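*Asks:* Okay, sequence plus prediction incoming.
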Amino acid sequence: MLKEPPVEKVVELLGSKRDYPIVVETKDAGKYSFLDFSAVLRIPPLSPEEFAAELSARLGFEVAPGYFLDYPPEKLNLQNVEALARLVMALIEKKGLAEKEAVSLAVRLNLGGL
């Protein structure tokens, strides 16, 4: 596994004979996008601020990062942003909750508690 390797290093590994996958951990997958290879990209957990910004963008209203300060790192990812956004929208649409109330309840449910 390589953390933020130089592109040249990835190119070198692609040209070598190997019987293992290339695993690149990066925050900037775009810098490797021109390479034609099968790779696993592991994106580090988002910060609470990044997570809140992604969720806000999907919901169309501002969500404070404070909701996510105690979130475990494994939940601070884009897949969970999407799941949380769907849950918040369902609570608003089906239960008639206000935005802030829906976010608060969704966060508790997402963490496995009520």
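*Replies:* Thanks, I have the structure now.
*Asks:* rest of the way, CA atoms for contacts and neighbours
*Replies:* Will do.
*Asks:* What mean pLDDT does stretch 33-44 get?
*Replies:* Averaged across stretch 33-44, the pLDDT comes to 72.
*Asks:* so what's the residue of the chain most remote from its centre scoring on pLDDT?
*Replies:* In terms of distance from the mean C-alpha position of the chain, K17 ranks first, at 32.5 Å (CA atoms, centre = their mean). You'll see K17 listed with a pLDDT of 85.
*Asks:* ok so it is a helix residue?
*Replies:* No: per DSSP: H, G, I helix; E, B strand; the rest coil, K17 lies outside any helix segment and is coil.
*Asks:* What is the burial count for the closest residue to T26 other than its chain neighbours?
*Replies:* Excluding its sequence neighbours, the residue lying closest to T26 (CA to CA, 6 or more residues apart in numbering) is E4, at 5.0 Å. Look at E4: counted by other CA atoms under 10 Å, it has 13 neighbours.
*Asks:* do G112 as well
*Replies:* Per other CA under 10 Å, the neighbour tally for G112 reads 8.
*Asks:* Give me the phi and psi for it.
*Replies:* Backbone torsions for G112, taken as degrees, to the nearest 10, come to phi 90, psi 20.
*Asks:* Same check on V24?
*Replies:* According to degrees, to the nearest 10, V24 has phi -120, psi 120.
*Asks:* all strands of the chain, in order?
*Replies:* Shown for the chain, the strands assigned by DSSP state E span residues 2-3, 22-25, 39-42.
*Asks:* quick one: the second one to chain centroid distance?
*Replies:* Relative to the chain's own centre, strand 22-25 is displaced by 17 Å; criterion: CA atoms, centre = their mean, to the nearest Å.
*Asks:* buried sites along that strand?
*Replies:* I22, V24, E25 (16 or more other CA atoms under 10 Å).
*Asks:* Pull up the pairing partners for that strand, direction included.
*Replies:* Listed by DSSP bridges, the sheet partners of strand 22-25 and their directions read strand 2-3 (parallel), strand 39-42 (parallel).
*Asks:* was I right about V63 contacting S56?
*Replies:* Yes: contact criterion CA atoms under 8 Å: V63 and S56 qualify, at 5.3 Å.
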